[in-house]
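Trainee: model this:
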Amino acid sequence: MKTLPRLICFSALVSLFAAVCPAVAEETEFTIGPDYADAPETKARPDVPQGKVLEFTMDSKDSAIYPGIAKNQKGTVPYQRKVAVYVPAQYQPGDEVPFIVAQDGLGYRGVLPNVLNNLIHEKRLPVMVAIMINSGGGDAQGSQRGLEYDTVSDTYSKFIEQEVLPKISKDYQIKFTTDPEGRATMGGSSGGAAAFTMAWFHPELYRKVLTYSGTYVNQQSPEDPKTPHGAWEYHENLIRRAAKKPIRIWLHVSENDNGHDRDEASLHNWVMANQRMAAELKAKGYDYRYVFAKAAGHTDGRVTKQTLPAALEWLWRGYPVR
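Mentor: Numbers count the residues shown, from 1 in each chain. From the prediction side, this is the model:
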């Protein structure tokens, strides 16, 4: 595994060595840390056009797909989810635009818009929209978030496609591209597993995936006999047995991530799960990058702020930038 002191140099290294040393340019696995520093692209710059962030709330009563999992004596307990939509300053209403969907999205509200502002301005990324969407709440088994993110099915991608994107298009006059190469999805923890699931079940819709501390472990609830080990099935069975899909994946795990000291039988060791994801992706010939972060924890913000710009730039490499 290639060790880099700071992953923000990844793109520069690839550009520098590609012509003279193809093997270096094709390195796929990296170790970073134990020291971390924010990438400069995460900071707002006064000389860069600033996109706008539009925020709204979605009510469970308006969803046919996720009306609510919690119940009381009166029936289903209503819930709300917050959504923030980043629209770059360069976007012209009516133009078809690429986009990225970020699960647990309000957690990226303070960093993702800055990164996109800077990289779009420098023409290192295409002009693109970001949909930062929260879950319906709770965590793990028995929760709305767990139902949405940890279920190994295409239900969540249908929710985004049928209920979220149309609402944003209608309310804000944004025309989303239908080209799967122009559609990305990302998230941390269970939100990362959800991002991978979106592309896995619908590569005709999403072909770019970015995950931090992805929950490729067994948290699926309710249980599904087709995937009895939940998202653990991806590296245990699904990737190996399926034909290679046209998706590109950037994934990370931390040395002290959740369950790092648990055994395989627990199906709840995030380090083991992500290492095995990388191994299966490599064996199958996927276009992937795997980053192991020393002395870091679960969805560690230091890792995100150091790596996000380079991760996005790698994920979108080859896509037209105008």
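Trainee: ranges for the helices of the stretch 151-300 of the chain?
Mentor: 155-159, 165-172, 190-201, 232-233, 239-241, 270-284 (DSSP state H, counting those that start in this stretch).
Trainee: highest average neighbour count across those?
Mentor: helix 190-201 (a mean of 27; mean count of other CB atoms under 10 Å). Heads up, the C-betas are built off the backbone N, CA and C, glycines and all.
Trainee: Tell me which of the helices of the stretch 151-300 of the chain lies nearest to Gln92.
Mentor: helix 165-172 (13.1 Å; CB to CB).
Trainee: give me every residue that touches Asn72.
Mentor: Not one residue lies near Asn72 by CB atoms under 8 Å, 6 or more residues apart in numbering.
Trainee: So what's the predicted local confidence for it?
Mentor: Note on Asn72: pLDDT of 70.
Trainee: Specify the beta-bridge partners of it.
Mentor: Gly75 (DSSP bridges).
Trainee: For it, give its distance to Pro78.
Mentor: Distance of Asn72 to Pro78, given as CB to CB, to the nearest Å: 10 Å.
Trainee: ok, for the most centrally placed residue in the chain, nearest residue in space, not its chain neighbours?
Mentor: Ranked by distance to the mean C-alpha position of the chain (CA atoms, centre = their mean), the top residue is Met186 at 1.2 Å. Leaving aside its chain neighbours, Met186 sits nearest to Leu210 (3.9 Å; criterion: CB to CB, 6 or more residues apart in numbering).
Trainee: repeat for Lys61
Mentor: Pro78 (6.0 Å).
Trainee: pretty sure the one you found is touching Asp59, no?
Mentor: Yes: the pair Pro78 and Asp59 qualifies as a contact (CB atoms under 8 Å) at a distance of 6.8 Å.
Trainee: rewinding a little: so for Gly137, which of the helices of the stretch 151-300 of the chain sits nearest?
Mentor: helix 190-201 (12.5 Å).
Trainee: Just the C-alphas of that closest one, formatted as PDB.
Mentor: Only the C-alpha atoms of helix 190-201 are listed here, as PDB (Å, rounded to 0.1, in the frame of the first residue of the first chain):
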ATOM      1  CA  SER A 190     -24.400   3.700   6.700                       C
ATOM      2  CA  GLY A 191     -24.700   6.700   4.400                       C
ATOM      3  CA  GLY A 192     -21.700   5.300   2.500                       C
ATOM      4  CA  ALA A 193     -23.300   1.900   2.300                       C
ATOM      5  CA  ALA A 194     -26.400   3.500   0.900                       C
ATOM      6  CA  ALA A 195     -24.300   5.400  -1.700                       C
ATOM      7  CA  PHE A 196     -22.700   2.100  -2.800                       C
ATOM      8  CA  THR A 197     -26.100   0.400  -2.900                       C
ATOM      9  CA  MET A 198     -27.500   3.100  -5.100                       C
ATOM     10  CA  ALA A 199     -24.900   2.400  -7.800                       C
ATOM     11  CA  TRP A 200     -24.800  -1.300  -7.300                       C
ATOM     12  CA  PHE A 201     -28.500  -1.800  -8.000                       C
END
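Trainee: Trp250 and Gly192, how far apart?
Mentor: 10 Å.
Trainee: between those two, what contacts are shared?
Mentor: Joint contacts of Trp250 and Gly192 (CB under 8 Å, 6+ apart) are 210-211.
Trainee: dump the residue contacts of Ala199.
Mentor: Ala199 neighbours (CB under 8 Å, 6+ apart): 185, 205-209, 245, 247, 249.
Trainee: Now with 6 Å, please.
Mentor: By CB atoms under 6 Å, 6 or more residues apart in numbering, the residues touching Ala199 are 206, 209, 247.
Trainee: So which of the residues you listed wins on neighbours?
Mentor: Tyr206 (26 neighbours; other CB atoms under 10 Å).
Trainee: so Ala89, which of the three states?
Mentor: The three-state assignment at Ala89 reads coil, by DSSP: H, G, I helix; E, B strand; the rest coil.
Trainee: just use 90 as the starting number from now, easier for me
Mentor: Yep, numbering from 90; the last one is Ala178 now.
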